[in-house]
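>>> next come a sequence and a model predicted from it.
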Amino acid sequence: MKFICIIFLFLSLTSYSQKTSFDINSEVGRTASLVSVSNITSGDDVDGTPYYQENYTLGEVFKDGVLQGKSLLKYNGYSDNIEFLRGETPYNIFKNDGLSVIIKNLNFKLYDINGEKKFYITFNKGKTSLLLNAKKKFKEKVLPKSSYDKGQTARFISSYQYYFLNKEGKLIPLKLKKKNILTALKDKKEDIINYVSKNKLKYKKEKDVIKIIDFYNSL
């Protein structure tokens, strides 16, 4: 795999099929960002991927809860952008307020935190939710210092950060640990402890924490 440099060039979309992409009369459909790809590593191989899911998948794009259309989509965790295909050309969806994207039943929702817009996978429906910022970092190639040193290839690594979206709509950094989760859900602490014990759930497992928060939202 070759490392790619993402260059953002804003442009207007003038035409595209409503059945396969965005309504050209919508705010999402009128503006997008061209993804221009170039190699910058002089042929060096790179391990890993900047994407949360490697392949484009048919997904849905929403603006303020209103469906704008469907397209082949994927999330780039390195650039924090949702990419879609227009023909064979990749574009980034412009980060308009109220934007959310469904890819493989995962809801990538745009939040503006202190003036910085980022996509977070929103796992739960209801008053609170577990969120994930699926960030990827790029590590440069490290040359061997001696004949005994192997060095390291350039690579993408996951730098995921979980958050708890509370009832007031604030995002709070969250570690998947018993103490942190019970603190976030402290107003129903005893109910949560009993539910986890009864259903043999683990606080450190993402899928179990999603179930715990679903239960919390039902109380």
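Structure's in. What do you need? Being a predicted model, the structure only gives us computed values, none of them experimental.

>>> could you check how far Lys117 is from Asn124?
Distance from Lys117 to Asn124, counting by C-beta to C-beta, to the nearest Å: 21 Å. The C-beta positions use only the backbone N, C-alpha and C, and glycine is treated the same way.

>>> who's more crowded, those two?
Each of Lys117 and Asn124 has its neighbours counted (other C-beta atoms under 10 Å); Asn124 has more, 20 against 13.

>>> now that one: how far from Glu190?
Taking C-beta to C-beta, one finds Asn124 at 21 Å from Glu190.

>>> check Lys175 too.
Applying C-beta to C-beta to Lys175 and Glu190 gives a distance of 21 Å.

>>> then Tyr56?
46 Å.

>>> what about those two, which has more around it?
Per other C-beta under 10 Å, whichever of Tyr56 and Glu190 has more neighbours is Tyr56, with 16 against 8.

>>> not counting sequence-adjacent ones, nearest residue to that one?
Leu72 (3.9 Å; C-beta to C-beta, 6 or more residues apart in numbering).

>>> what about the helix or strand hosting that neighbour, distance to the chain center?
Leu72 belongs to strand 66-76 when assigned by DSSP states H and E. Counting by C-alpha atoms, centre = their mean, to the nearest Å, strand 66-76 is centred 13 Å from the centre of its parent chain.
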